[in-house]
Structures are given as C-alpha cells and as structure tokens.
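Chemist: what would the 3D arrangement of this be:
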Amino acid sequence: VQVGDDAMGSTRLSFADYRDRIFRAANLFRRGAGGREPVVAVIMPFLPDAFVAMWAGGIAGRYVPINPFLDVEHVAAILNAAKADILVTVPPERGRGVWERLDALLERAPSVGQVWLVGADAADPRSFEAALGREESALGFAPAGDPAGVCAYLHTGGTTGSPELVRHTHEGQLFQGWLC
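Modeler: The predicted structure follows:
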C-alpha cells in the first residue's frame with residue numbers, strides 16, 4: 001500500500017503495517033472520544049490515509065466520508081447531522097477543497113472537538129501521522145461485535161435540500177465488498 005502522494009512524499013506499507021496504522025488510528029479516535037464510540041468525519045482526497053481513517057473510524061465507532069467539493073454550509077450540515085466529533089482532513093495548503101475553509105467550517109460544526117491533519121508538519125499538534133506514532137499498534141478496546149451495528153453514515157443529496165445520512169452496518173459493508 002502506498003501512503004501519501006508525490007506532493008506530500010510517499011511511503012510504501014506492508015499489509016501488516018497498514019493494519020497497524022488502522023489500529024493506531026482507531027485507538028487515537030476512541031481515546032479522543034473519552035472511551036466512547038466516536039463519529040469520525042473524513043474529508044480528504046482518496047489518499048491511503050483516507051481509508052486508514054475510515055476503517056479506523058468504523059472500528060472505533062462510526063465514520064462519515066464527505067465530498068470535499070461541497071460548499072461549507074452543506075459540509076457543516078452533514079457534520080452536524082452525523083454529530084461528528086472528530087475530523088480527519090488535509091492542511092489548507094493542499095489546494096482546492098473544503099479544507100481551504102477549515103476555520104469557517106469548524107465555526108459551523110460545534111460538535112467537532114478534534115481535528116487531525118494528514119500531511120501536516122510533525123510539529124503541528126494536529127499532525128495525524130505524529131499522533132499515530134504515539135498510539136499502540138494493538139487495539140486498546142474491544143471493537144463492536146454486532147454485525148448489524150452501524151459503522152458508517154454516508155450522505156446523499158436527498159430531495160429535501162438538507163443532508164440525509166444513510167446508515168451502513170458492518171455486515172452490509174462486507175456484503176457490498178463481496179458483491180464487488
């Protein structure tokens with residue numbers, strides 16, 4: 001698995017390293033939510049760390065992937081509807097996307113208490129990579145065991161003009177993977 005892109009530098013990971021990265025992120029998210037199941041919003045390009053954050057969010061609690069090209073008001077409405085408490089994104093200098101307006105977004109989404117930036121300088125306290133380095137590579141909690149439990153919220157355009165979230169279960173995602 002390749003983590004990063006040419007602009008951010010890239011690293012190749014074995015499957016075991018990729019799994020460890022996911023478990024470290026799950027520990028980070030669960031700890032960041034005070035031991036309860038968090039809702040982790042992921043707003044970033046399809047870099048491998050986006051998948052790390054989504055898998056980890058589903059293990060620690062729930063995740064909600066959000067299209068980075070929606071306007072700030074729409075993204076804030078999704079964050080609020082999902083009651084997201086953790087946001088994983090990229091630094092504003094990454095270019096076009098809602099992350100360019102991160103401060104405005106956070107003002108409109110009061111439930112978000114933590115922000116992690118993929119590709120930020122290691123000295124930045126919001127550096128996702130630096131935070132992962134401080135976590136254990138073994139899960140520090142028992143993940144949900146109910147296959148019918150919700151692991152993700154996916155937003156739709158809806159017909160009401162406001163965000164609608166579709167709940168995905170662990171077994172539903174496995175079934176969809178099997179179909180692919």
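
Chemist: list the buried residues for the longest helix belonging to the chain?
Modeler: In the chain, with assignment by DSSP state H, the single longest helix is helix 15-32. For helix 15-32, a neighbour-count test (16 or more other CB atoms under 10 Å) marks 18, 20-32 as buried. In short, each C-beta sits where N, CA and C put it, glycine included.

Chemist: and residue 40, what element?
Modeler: Per DSSP states H and E, residue 40 falls inside strand 39-43.

Chemist: likewise for residue 154?
Modeler: For residue 154, the enclosing helix or strand under DSSP H and E is strand 150-156.

Chemist: residues making contact with that strand?
Modeler: The contact list for strand 150-156, computed with CB atoms under 8 Å, 6 or more residues apart in numbering, reads 39, 54, 57-58, 62-67, 78, 81-82, 144, 163-170, 173.

Chemist: wait, what's in contact with residue 126?
Modeler: Under the criterion of CB under 8 Å, 6+ apart, the neighbours of residue 126 are 115-117, 120.

Chemist: what are the ranges of the helices in the protein?
Modeler: For the chain, the helices defined by DSSP H cover 15-32, 48-60, 72-82, 102-108, 128-133, 170-179.
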